[in-house]
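Chemist: Give the three-dimensional model of this entry:
(chains A and B)
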There are 2 protein chains.
Amino acid sequence: MTTILDVSRRAGVAKSTVSRVLSGRGYTSEKTRDAVLKAAQELNYRPNVLARNLARQTSDTIGLILPAGANVSRYLASLIDEIHKSAHAAGKDVIMRHIEDLPGQALSSIYDLIDHRCEAVLYYNASSSAHYEETIAVIDEEIEKFPVPVMLLNSYLPKHPNYCVWYEHEKYAAKPVEYLIEKGHRQIAYLSCSLVQRTAQARQIGYQQALSQAGIDYDPQRFIEGLPVSEDGSVPRDMCEVGYLACKELLARDVSFTAICCVNDHLAIGALKALQEHGLNVPNDVALFGFDDSPVLNYFTPSISSVILPSAELISYAVALCFAHLNKTPFPDYQQHHIDAQLVIRDSVTNR
Amino acid sequence: MTTILDVSRRAGVAKSTVSRVLSGRGYTSEKTRDAVLKAAQELNYRPNVLARNLARQTSDTIGLILPAGANVSRYLASLIDEIHKSAHAAGKDVIMRHIEDLPGQALSSIYDLIDHRCEAVLYYNASSSAHYEETIAVIDEEIEKFPVPVMLLNSYLPKHPNYCVWYEHEKYAAKPVEYLIEKGHRQIAYLSCSLVQRTAQARQIGYQQALSQAGIDYDPQRFIEGLPVSEDGSVPRDMCEVGYLACKELLARDVSFTAICCVNDHLAIGALKALQEHGLNVPNDVALFGFDDSPVLNYFTPSISSVILPSAELISYAVALCFAHLNKTPFPDYQQHHIDAQLVIRDSVTNR
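Modeler: Numbers count the residues shown, from 1 in each chain, chains lettered A, B, ... in the order given. Next up is the predicted model:
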């Protein structure tokens, strides 16, 4: 690769003169400037970005740490896109790092990106991480010691709310339950995926809180935790199948219900099939709610009601917060980003 | 941030001695080594990765260039994950860059990552890019001039097949058509998304080739190009809706058909709804094929047949090819990666 030395030799000037010309800083005669530019062009010289970054001790780069495999989530995909767009608009690059779920990974991966002179680091704390609480505790404790802004995504930092972005899953999950209660339902079942997922735990709490607020006793018989793999643990199930089997288990239990809320749309799609195979009519016998509002819900008969997560709002808040840290401007206000979920009512629910 | 100079001052030794101790290269006395390590620890010194990279003129980094918004594709998400996993297993990082679809972006973004001293650059050529052919031509011409290995993903380079990874969409798209012909169908319609997508163009060709090989005339009345936006161009349609409306248009035409193949699963889901609303029975009146094999196809009544793209095979080939370039080992063989599509037959197709 051509170096600045090659250019200086070709142009017959000192290396420092080449630097002056190419950086546009300091005086050089027009003749020298032309000679250097001509030599650089002839040799197809490209400035060494690493050297430039070293001199400035910054890489104009934002670090983004994600759990391995995380790209498959539609929410995370939008987050990645938005951060890239905003970073590039501000003349910055994004280095993404995918990490395994190991103890101590949070701090070591953050310091690793700081060592690469990232100007800010965003750490996505996966709901399914075995070290989810540990990560929150460690980052909440260490956050002021980092030499650059570090932000935690998908978790609330009790001591540092302006360094994190989080969902209020309990509140969102209560919404369809509250709606059904308002429409006269009292026997509302809930189909969850594995409670290893913090999101699933939080949504279960939201379901229970909505019942409790309406004075309805929580009946564990009406709650099913679907298994993500076959009974012998060998074959992973797709989420629709998890919902199908969870709903079959609910139907096999000695418990009545007039509505089902699901932790996500896929479980609701599977539940619809199980209900229809059982000879039940949706919505007349059983009302049904998904969660996430996939466009495909419109194409089932009946079309399936759902809940829209405030992903766009949360992403815009995360990006605004990150740039407030970088530019040392006031923090945006969480509430002002109108971060709340919305119901989408389709044919799968009806008044009692 | 603590520098090597701070450590040398604290330990009372020269900077070069600190370098020797921390790199483990060259001789130092035990006493000096202990003093340096103690000072580094006390000052919480972290080696400057930029400086280290500059000295080695490499960043141990693979560059990956993707179209903005590309994360949403499930295939691309798997590709990103696999490249990250293989790179990290080899002790390398991945810098991802999302770029807009502008003329000349291919070369400028590749050179930009080369300037960052990436050891290899992977460029994903989006099927929907307005500069798709331009990118292929330019890279096929320039590829041997790049100072590091550059690979093109999602396109075939006629002069450099070992520098690219591609799908044989024509061949894959012919498969369900051939299957239907074998089962006695002669009047096979095809629902496409916008032909701006190169993938859609290629799949249309595959459909026509399969008909032609069986001696069946192609009837343009049986081919519909679904519109991605509302008629006034203002509202984007989800893909299921594109299929629903395309199928309604087909039904409105004065043409008979006993089977429909679709460019993707979403169009097939929309088509199923349109056919059922029209009072037609799937599969008895019309057989139906999607493409991509989403798990959700099992949950429709009838379940929808589809085609599995050889994504896993292609990704493993891409990663193997990239590391063959990096390690200067022999190129893997495309054919040996068994890169072919597979049919998944469900209730939506039946013998005539």
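Chemist: Okay, domains of chain A per the record?
Modeler: Chain A breaks down into these domains under automatic domain parsing: A:4-47, A:59-166, A:169-309.
Chemist: I'd like to know which of the ones you listed has the weakest mean confidence.
Modeler: Looking over those, mean pLDDT reaches its minimum on domain A:4-47, with a mean of 78.
Chemist: after the helix or strand hosting A:Ile95 comes which helix or strand?
Modeler: Assigned by DSSP states H and E, A:Ile95 falls within strand A:93-99. Downstream of strand A:93-99, the first helix or strand assigned by DSSP H and E is helix A:105-115.
Chemist: List the buried residues for that following helix?
Modeler: Judged by neighbour count (16 or more other C-beta atoms under 10 Å in any protein chain shown), helix A:105-115 contains these buried residues: A:105-106, A:109-114. Backbone N, C-alpha and C define where each C-beta goes, glycine included.
Chemist: one step back: how about TSV for the domains of chain A, with distance to B:Glu134 added?
Modeler: What follows is those, written out as TSV (distance: least, C-beta to C-beta, whole Å):
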stretch	distance to B:Glu134
domain A:4-47	21
domain A:59-166	22
domain A:169-309	33
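Chemist: So which of the ones you listed is nearest A:Phe331?
Modeler: Closest approach to A:Phe331 among the domains of chain A (C-beta to C-beta): domain A:59-166, 4.6 Å.
Chemist: Give me the contact status of that closest one with chain B.
Modeler: Yes: using C-beta under 8 Å from any C-beta of the partner chain, domain A:59-166 reaches chain B at A:59, A:68-69, A:71-72, A:74, A:76-78, A:80-81, A:84-85, A:88, A:93-98, A:111, A:114-117, A:147.
Chemist: Residue of the stretch 101-250 of chain A nearest chain B, please.
Modeler: Per C-beta to the nearest C-beta, the residue of the stretch 101-250 of chain A with the smallest distance to chain B is A:Asp238, at 3.8 Å.
Chemist: so what's that residue up against?
Modeler: The contact partners of A:Asp238, taken as C-beta atoms under 8 Å, 6 or more residues apart in numbering or on different chains, are A:266, B:295.
Chemist: I figured A:Lys15 was touching A:Ile4, is that so?
Modeler: Yes: counting by C-beta atoms under 8 Å, A:Ile4 is a contact partner of A:Lys15 at 5.5 Å.
Chemist: Those two: which is more packed in?
Modeler: Neighbours per residue, other C-beta atoms under 10 Å in any protein chain shown: of A:Lys15 and A:Ile4, the larger number sits with A:Ile4, 18 against 13.
Chemist: in the strand or helix carrying A:Leu211, what's buried?
Modeler: Assigned by DSSP H and E, A:Leu211 belongs to helix A:198-213. Across helix A:198-213, burial judged by 16+ other C-beta under 10 Å covers A:198-204, A:206-211.
Chemist: helices or strands up against it?
Modeler: With contacts defined as 3 or more C-beta pairs under 8 Å, 6 or more residues apart in numbering or on different chains; DSSP states H and E, the packing partners of helix A:198-213 are helix A:169-182, strand A:188-192, strand A:223-225.
Chemist: And the strands in chain A?
Modeler: For chain A, strands defined by DSSP state E occupy the ranges A:61-67, A:93-99, A:120-124, A:150-153, A:164-165, A:188-192, A:223-225, A:259-262, A:287-289, A:306-308, A:342-344.
Chemist: Could you tell me which residues of the stretch 201-350 of chain A lie near chain B?
Modeler: A:238-241, A:244, A:266, A:269-270, A:272-273, A:276, A:295-296, A:298-301.
Chemist: Pull out the buried members of the residues you listed.
Modeler: Neighbour-count burial (16+ other C-beta under 10 Å) applied to those gives A:238-241, A:244, A:266, A:269-270, A:272-273, A:296, A:298-301.
Chemist: Return the distance of A:Asp340 relative to A:Pro310.
Modeler: Distance, A:Asp340 to A:Pro310, using C-beta to C-beta, to the nearest Å: 6 Å.
Chemist: any residues in contact with both of those two?
Modeler: A:Tyr172.
Chemist: The two - which one has more neighbours?
Modeler: More crowded of A:Asp340 and A:Pro310, by other C-beta under 10 Å: A:Pro310, with 18 against 14.
Chemist: pretty sure the more buried one contacts A:Ala341?
Modeler: Yes: with contact defined as C-beta under 8 Å, A:Pro310 reaches A:Ala341; the gap is 5.8 Å.
Chemist: Now do the shared contacts for these two.
Modeler: A:Tyr172.
Chemist: Taking the stretch 251-352 of chain A, what residue is nearest to chain B?
Modeler: A:Pro295 (3.8 Å).
Chemist: What sits closest to that residue if chain neighbours are left out?
Modeler: Closest residue in space to A:Pro295, ignoring its immediate chain neighbours: B:Asp238 at 3.8 Å, by C-beta to C-beta, 6 or more residues apart in numbering or on different chains.
Chemist: Likewise for A:Val177?
Modeler: A:Ala210 is the one closest to A:Val177 (C-beta to C-beta, 6+ apart), at 3.7 Å.
Chemist: now A:Cys240
Modeler: That would be A:Gly270: by C-beta to C-beta, 6+ apart, it lies 4.2 Å from A:Cys240.
Chemist: Now do the contacts for the one you found.
Modeler: A:239-247, B:299.
Chemist: rewinding a little: need the winner for burial among the strands of chain A.
Modeler: Most buried of the strands of chain A, by mean neighbour count (mean count of other C-beta atoms under 10 Å in any protein chain shown): strand A:259-262, with a mean of 31.
Chemist: distance between it and the chain's centre?
Modeler: In terms of C-alpha atoms, centre = their mean, to the nearest Å, the centre of strand A:259-262 is found 25 Å from the chain centre.
Chemist: what's that strand in contact with?
Modeler: Outside strand A:259-262, the residues that reach it (C-beta under 8 Å, 6+ apart) are A:173, A:176-177, A:180, A:185, A:187-192, A:207, A:243, A:247, A:250, A:268, A:271, A:275, A:286-291, A:349.
Chemist: if I look at the residue nearest to A:Asn154 when sequence neighbours are not counted, how far off is A:Leu321?
Modeler: Nearest residue to A:Asn154, sequence neighbours excluded (C-beta to C-beta, 6+ apart): A:Asn125, at 5.0 Å. Taking C-beta to C-beta as the measure, A:Asn125 falls 15 Å from A:Leu321.
Chemist: And A:Glu134, by the same measure?
Modeler: Going from A:Glu134 to A:Leu321 by C-beta to C-beta gives 23 Å.
Chemist: Compare these two (neighbour count), which wins?
Modeler: Between A:Glu134 and A:Leu321, A:Leu321 has the larger neighbour count (other C-beta under 10 Å), namely 23 against 15.
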